[in-house]
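1. mind looking at a prediction? Sequence and model below.
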Amino acid sequence: MAKRNTRQKRLISETLLGMNHPSATMVFEEVRKKDTKISRATVFRVLADAAASRTLQRLHIPGSDDRFDINTAKHFHISCRACGRVDDIEVAEPEITLLKGSIDARGYRIEDWNIDFVGLCPECAGTKN
């Protein structure tokens, strides 16, 4: 059975376009400004469904709530250990691309990978001298 494209889903999708790697709570708070009747459960369910269907990327950030990214292409992220900000990071990946499908020394066939970078964002780095 096909999922319906409800008004709530459209509102959540439109809200995500203007946000930088938000948590589900951040999305809920923004959506709530436009529709005071939408429930937290609806926002969380729509985000979880979108992540499960891979139309949205769920990021597991160590020490933080999961974040969501509308860019579903494979790419890297960096999170600030002080304020929790999350951004895309440009890193050359030819060696990692070569890993996909290969078999490691223990016999695992590599199907996917995730690499998390952690540091200080420019604002926090300036205050942590």
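-> Perfect, I can see it now.
2. going forward, measure contacts between C-alpha atoms and count neighbours the same way
-> Fine.
3. let me know the pLDDT of C121.
-> The model reports C121 with a pLDDT of 92.
4. sorry, that was for G126
-> In this model, G126 is scored at 85, pLDDT.
5. show me the chain divided up by domain.
-> Domain assignment for the chain by automatic domain parsing gives 7-68, 74-127.
6. quick one: stretch 56-75 to chain centroid distance?
-> 2 Å (C-alpha atoms, centre = their mean, to the nearest Å).
7. for that stretch, buried residues please.
-> Neighbour counts over stretch 56-75 (16 or more other C-alpha atoms under 10 Å) mark 56-59, 61, 67-70 as buried.
8. start and end of that stretch, how far apart?
-> Terminal residues of stretch 56-75 lie 13 Å apart, using C-alpha to C-alpha, to the nearest Å.
9. got a list of contacts for that stretch?
-> The set of residues external to stretch 56-75 that reach it, using C-alpha atoms under 8 Å, 6 or more residues apart in numbering, is 16-17, 20-24, 47, 50-51, 54-55, 79, 84, 88-90, 116.
10. and those, which are buried?
-> Among those, those buried by neighbour count (16+ other C-alpha under 10 Å) are 16, 21-24, 47, 50-51, 79, 84.
11. residue ranges with poor pLDDT in this structure?
-> Scanning the chain for pLDDT under 70 picks out 1-5, 92-105, 127-129.
12. downstream of the longest helix seen in the chain, the next helix or strand is which one?
-> If you go by DSSP state H, the chain has its longest helix at helix 40-52. Per DSSP states H and E, helix 40-52 leads on to strand 57-59 as the next helix or strand towards the C-terminus.
13. where exactly do the helices run in the chain?
-> Applying DSSP H to the chain gives helices spanning 7-17, 24-34, 40-52, 94-99, 122-127.
14. show me what the longest one is packed against.
-> By that I understand helix 40-52. helix 7-17, helix 24-34 (3 or more C-alpha pairs under 8 Å, 6 or more residues apart in numbering; DSSP states H and E).
15. what about 10 Å?
-> Applying 3 or more C-alpha pairs under 10 Å, 6 or more residues apart in numbering; DSSP states H and E, one finds that helix 40-52 contacts helix 7-17, helix 24-34, strand 57-59, strand 67-69.
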